[in-house]
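Enquirer: Provided below are the primary sequence and the corresponding predicted coordinates.
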Protein chains: 2
Amino acid sequence: MKRTAFFISDGTGITAETLGQSLLAQFENINFHKLTRPYIDTAEKARAMVQQINAAAEADGVRPIIFDTIVNRDIREVLSHCNGFMVDIFSTFLSPLEQELASHSSYSVGKSHSIAHNPNYMERIDAVHFALDNDDGARTHYYNKADLILVGVSRCGKTPTCLYMAMQYGIRAANYPLTEDDMERLQLPTALKPYKDKLFGLTIDPDRLAAIRHERKPNSRYASYAQCEFEVREVESLFRRENIPFINSTHFSVEEISAKVLVEKGVERRLK
Amino acid sequence: MKRTAFFISDGTGITAETLGQSLLAQFENINFHKLTRPYIDTAEKARAMVQQINAAAEADGVRPIIFDTIVNRDIREVLSHCNGFMVDIFSTFLSPLEQELASHSSYSVGKSHSIAHNPNYMERIDAVHFALDNDDGARTHYYNKADLILVGVSRCGKTPTCLYMAMQYGIRAANYPLTEDDMERLQLPTALKPYKDKLFGLTIDPDRLAAIRHERKPNSRYASYAQCEFEVREVESLFRRENIPFINSTHFSVEEISAKVLVEKGVERRLK
């Protein structure tokens, strides 16, 4: 069974998309075709949207699910005439919040993902550049400015995790690869020693690591199961000896790894 | 006036955080202290959470706002005894959706940000590596595999935007800097010519560009207002001559720039 879902907003659509995806994920037996439609900020665009929704309803033989965060009442009015099941996110929660906060909503569009509303925005962009500049042990003399330093074997997920924490939360995360040399000596690299409290380890199942490395360098020693198994074993033993907290990234997304790392290290997000 | 807000989840907390931030952004006169608390997945952790909430209520002199996406009823029951104003996201929307979809929610935890639920997860990670490998014109022979190529002067926001689109949406975005040489010849670089339909331009106000470059290379010619103004003028003129769509990034976040680029180019997100 296929069913279309629209995430509609007069802003970026991120809120509608995030909440909509979380809710739809609870219905695993239904195959949703998901479409994000941001910047529906005029009555004309809303009318075109209604046509698109109605066309999907006809094609699917069942009305689409609509998650919307449109703030403007006139535009929402136009949209409400579509042949869709409306999940009206803002109107559901804003009036109880207005009452609780004894304050009126500004009913202004696209606030939460705009620079204007976000005093920490430049911190996030700076953190992205910090992650890039301090990726893969490229530079170690700014570790005093890092919130966190991820360590682990090559291709265990350090870089995407650092970038995610930087982009979403403004966290300055460096990463340092534990390479074969370090492992034979079985010691913590000198560059990391002064920052032991910032270290967090990632590990990974050897077969998964071999598969990832194989895509990068097919049939290399680097990608062989034996090499991957050796590296993972040595690195995990280093983590244990040095009391470095670590998690196995194999079955987790960057979102999950990041959330777990931040809980474990007690680092707070720099939220808007 | 200061008020604490908690984003609480038995998963990553991303949904509670995203929706909570959007809703709170509508109340600009209130200073919220925002805290994300993921993985509250046992009654014991929920009891500790209740204590934290009650302590914040006491410190603030007013009850905190609680956005939660906890799926498990027993854990939610524990949390419901806190001295907070509950915005119960899942329970509000799940039962109307169950009715509309004629299907029962699986009431399973942390679905939407897990790998298991997300068949496109590896595409997102591959896209992040694609953005990194094809950053700043480093490599041009994989442009046939790009969904988009962002072009613009150095430090106008191309790299963070590419990384955002890759991380969130699995979009393969390369970027190519239009440097002084290209500008004097006032031509589209040869490497870009075969991919004109993939190009999107970013521009920026010269004074903002000068400020950003100044942080990188203080008092350089590169960071001078005259140089920035010249480069921006030449590049915008190139965009117009070559009919390359473009936007001014100065007042937009990466989320907003990404949403605008995708609308303009008609590129669909690879959603979960």
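Expert: That came through, no problem.
Enquirer: packing partners for whichever helix or strand A:Ala56 is part of?
Expert: If you go by DSSP states H and E, A:Ala56 is part of helix A:43-60. Other helices and strands packing on helix A:43-60, by 3 or more Cβ pairs under 8 Å, 6 or more residues apart in numbering or on different chains; DSSP states H and E, are strand A:2-8, strand A:31-37, helix A:73-79. C-beta coordinates here come from the backbone N, C-alpha and C atoms, glycine included.
Enquirer: nearest to chain B, of those?
Expert: strand A:31-37 (4.6 Å; Cβ to the nearest Cβ).
Enquirer: between the closest one and strand A:2-8, how big is the angle?
Expert: 20 degrees (axes from the mean of the first three to the mean of the last three Cα atoms, to 10 degrees).
Enquirer: just the helices and strands packed on helix A:43-60: most buried one?
Expert: strand A:2-8 (a mean of 23; mean count of other Cβ atoms under 10 Å in any protein chain shown).
Enquirer: How about exporting the helix holding A:Ala56 as PDB, limited to the C-alpha atoms?
Expert: The C-alpha trace of helix A:43-60 is given here as PDB (Å, rounded to 0.1, in the frame of the first residue of the first chain):
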ATOM      1  CA  ALA A  43      -2.200  32.100  -1.400                       C
ATOM      2  CA  GLU A  44      -1.300  31.400  -5.000                       C
ATOM      3  CA  LYS A  45       1.400  28.800  -4.000                       C
ATOM      4  CA  ALA A  46      -1.100  27.300  -1.600                       C
ATOM      5  CA  ARG A  47      -3.600  26.900  -4.400                       C
ATOM      6  CA  ALA A  48      -1.000  25.100  -6.500                       C
ATOM      7  CA  MET A  49      -0.200  22.900  -3.500                       C
ATOM      8  CA  VAL A  50      -3.900  22.000  -3.200                       C
ATOM      9  CA  GLN A  51      -3.800  20.800  -6.800                       C
ATOM     10  CA  GLN A  52      -0.700  18.700  -6.200                       C
ATOM     11  CA  ILE A  53      -2.300  17.200  -3.100                       C
ATOM     12  CA  ASN A  54      -5.500  16.400  -4.900                       C
ATOM     13  CA  ALA A  55      -3.600  14.900  -7.800                       C
ATOM     14  CA  ALA A  56      -1.700  12.600  -5.400                       C
ATOM     15  CA  ALA A  57      -5.100  11.600  -3.700                       C
ATOM     16  CA  GLU A  58      -6.400  10.600  -7.100                       C
ATOM     17  CA  ALA A  59      -3.300   8.700  -8.100                       C
ATOM     18  CA  ASP A  60      -3.000   6.900  -4.800                       C
END
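Enquirer: in its sheet, what does the next helix or strand after it sit against?
Expert: Reading on from helix A:43-60 to the C-terminus, the next helix or strand found by DSSP H and E is strand A:65-68. Sheet pairing of strand A:65-68 (DSSP bridges) gives strand A:2-8 (parallel), strand A:85-88 (parallel).
Enquirer: Skip ahead from the first one and say which helix or strand is next.
Expert: Counting by DSSP H and E, the element after strand A:2-8 in chain order, helix or strand, is helix A:14-24.
Enquirer: The shortest one now?
Expert: Once the chain leaves strand A:85-88, the next helix or strand it forms, by DSSP H and E, is helix A:89-101.
Enquirer: and for that following helix, what are the contacting residues?
Expert: With Cβ atoms under 8 Å, 6 or more residues apart in numbering or on different chains as the test, helix A:89-101 has contacts from A:15-16, A:19, A:67-71, A:76, A:104-105, B:3, B:19, B:22-23, B:26-27, B:30, B:65, B:85, B:87, B:92-93.
Enquirer: May I see the buried residues of it?
Expert: For helix A:89-101, the neighbour count (16 or more other Cβ atoms under 10 Å in any protein chain shown) marks A:89-90, A:93-94, A:97, A:101 as buried.
Enquirer: which SS class is A:Ala174?
Expert: strand (DSSP: H, G, I helix; E, B strand; the rest coil).
Enquirer: who does it bridge with?
Expert: Those that pair with A:Ala174 in a beta bridge, by DSSP bridges, are A:Ile149.
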